[in-house]
Every structure is written in structure tokens, then in C-alpha cells.
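K.L.:
what shape does this take:
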Amino acid sequence: MSDLPVLRPDWPAPAQVHALSTTRVGGVSQPPYASLNLGQHVGDDPVAVTENRARLRQLLPAAPVWLNQVHGVQVVDAAQVKGVPDADASVSRQPGVVCAVMTADCLPVLFTDRAGSVVAAAHAGWRGLLAGVLEATLDAMACPPGEVLAWLGPAISCDAFEVGAEVREAFVSQHASAASAASAFSPLPDGKFLADLPQLARQRLNRAGVPSTHCFGGEVCTVIEREQFFSYRRDGVTGRMASAIWLA
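P.N.:
The predicted structure follows:
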């Protein structure tokens, strides 16, 4: 069994639901991908990535169902996937099938229902959030939103995520309560804003019917915790972490 250091969601998921999020620690990749880079698309040595994925695989019941993430809203059934589809979320009702997303600042969101009958993983950067990837994932889960639990994994925090006024305006114009969406943005002297990605995600989940008390995580910043996490915003050329969930 692998001794990789991983994060485990602190949430009241049913016993048959298992989930984890990797850090950058415990692999064989060399700088700037040191060391547990799981992304094959970032310029790292393919041999190193293969070994890193093998180490992760030891913690899982099967190889993860990887996605070619495009900041969209496509959701696939992980049990039916062939190859690596263009999608930003996957769902599974079949035990032993591992839903996974890769991130390096974008927000990974893991889902289950309180009965433990379905799980899902979504990749939510600001573009995906705005387009509705979390809502699309909930739709694909096909269970009452009030029964859903969501865990927000490591992502860029409101202390580090600088965006233009057009990003704020896009969220505010979509939201039934403009003041609520605006509360996720803090103004900077140059006219830009600091955006709270986890707060925006919680707002979207709440509007879709997931209770605030069913949303967990969102406190870990990939940019600030340099030794633990990859960050594209901080480093440019860097590796990718994975967040995965499955039914036993």
C-alpha cells in the first residue's frame, strides 16, 4: 500500500464513500514538477508521471477515470468512459469506479448523496463555475440537491486570486442577488478584485438547492502553501494534483 500523503475530506459521507486529494509530495518528478505531478499534459517526463500515477493507484480500487479538462460543463458517466473524454466532471453509481479531476489552483469539488448511492467529481475554475459546471454535475447525479454533500478541495484562495472587473461583473450579472455575488469580490486599488472561488462555489451550490450545512472544505490555498501544492498562478510551469472519489 502506498504511503503517499493525501488529504481526506472531513465530511459526514456514508461509510461506502471514499475520497482523497493528493498534494505535490511523494512522487519522482523533478523541478518544476516536483514531485507528485499527475498531469501528462504539462511537459513533465512521461516516465515520471507514469510512476506517480502508479503510486496513486495503490490507494484506489481502480485506475482513475481521467478527463481532458476544458473549463466547460460536460459531465460523463465514469463507468461508461472510453479513452480520455473532453469533460470537466464525472459521476458514478458503480462501486470501484474512480471519478477524478486534476487541478493546480482551480477548485476540485467532490460530491455524494447522503445515501451513498452516487458520487461525482468536478473541476471548477472561474470559467467553469460561471458556465454552470457544478449545476450540471448535480443534474447528472439525478438525486435531490437537498440530499447532496459537497467537499471543496485545495484551490487558489481569496488572498491570491486577482481578477479583472469583467469577471466580477459576469458573476454579479448572473446572480439573482447581486449583493450576494459581489460579496465574493474584494476591490483592489488598481480597479481589479480579489475573488473568493470557494465562496462563489458555495453560492452556486446553495442556489442549486444544496444546503450550506452540506458544503465542506474550501480552506486550503494552493498558492500560499507552496511546499504542499502545485499552483499555476504562482509558478506558471508546474504539476497537477488529483482529487478522487469512489464507492466501495
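K.L.:
distance check, Glu150 against Gly27.
P.N.:
Quick fix: residue 150 reads Ala, not Glu. According to CB to CB, to the nearest Å, Ala150 stands 28 Å off from Gly27. Placement of C-beta: from N, CA and C, glycine included.
K.L.:
for Trp11, same thing?
P.N.:
26 Å.
K.L.:
when those two are compared, which one has more neighbours?
P.N.:
Between Trp11 and Gly27, Gly27 has the larger neighbour count (other CB atoms under 10 Å), namely 25 against 16.
K.L.:
what are the buried residues along stretch 90-98?
P.N.:
Neighbour-count burial for stretch 90-98, with 16 or more other CB atoms under 10 Å as criterion, is recorded at 90-93, 97-98.
K.L.:
right, I mislabeled it, should have said stretch 157-172
P.N.:
Neighbour counts over stretch 157-172 (16+ other CB under 10 Å) mark 157-158, 160-163, 167-168, 170-172 as buried.
K.L.:
and the residues you listed, which is closest to His123?
P.N.:
Phe161 (15.9 Å; CB to CB).
K.L.:
that closest one reaches Gln199, doesn't it?
P.N.:
No - checked against CB atoms under 8 Å, the pair Phe161 and Gln199 is beyond contact range at 10.8 Å.
K.L.:
just to revisit the earlier point, report the two of the buried residues of stretch 90-98 separated the most.
P.N.:
Arg93 and Val98 (13.2 Å).
K.L.:
name the helices or strands packed onto the helix or strand of the chain with the lowest mean pLDDT?
P.N.:
Ranking every helix and strand in the chain by mean pLDDT, DSSP states H and E puts helix 178-182 at the bottom, with a mean of 76. Applying 3 or more CB pairs under 8 Å, 6 or more residues apart in numbering; DSSP states H and E, we find helix 178-182 packed against helix 165-174, helix 197-207.
K.L.:
enumerate the beta-bridge partners assigned to the residue nearest the centre of the chain.
P.N.:
Centroid check for the chain by CA atoms, centre = their mean gives Pro108 as the closest residue, at 0.8 Å. Using DSSP bridges, the bridge partners assigned to Pro108 are His123.
K.L.:
quick check: it touching Pro154?
P.N.:
Yes - applying CB under 8 Å as the test, Pro108 and Pro154 come out as touching, 7.4 Å apart.
K.L.:
joint contacts of those two?
P.N.:
In terms of CB atoms under 8 Å, 6 or more residues apart in numbering, Pro108 and Pro154 are both contacted by the residues 21, 241.
K.L.:
list the residues that contact the residue nearest to Gln199 when sequence neighbours are not counted.
P.N.:
Residue nearest to Gln199 in three dimensions, not counting chain neighbours: Ala184, with 4.3 Å by CB to CB, 6 or more residues apart in numbering. With contact set as CB under 8 Å, 6+ apart, Ala184 has these partners: 158, 171, 195-196, 199-200, 203.
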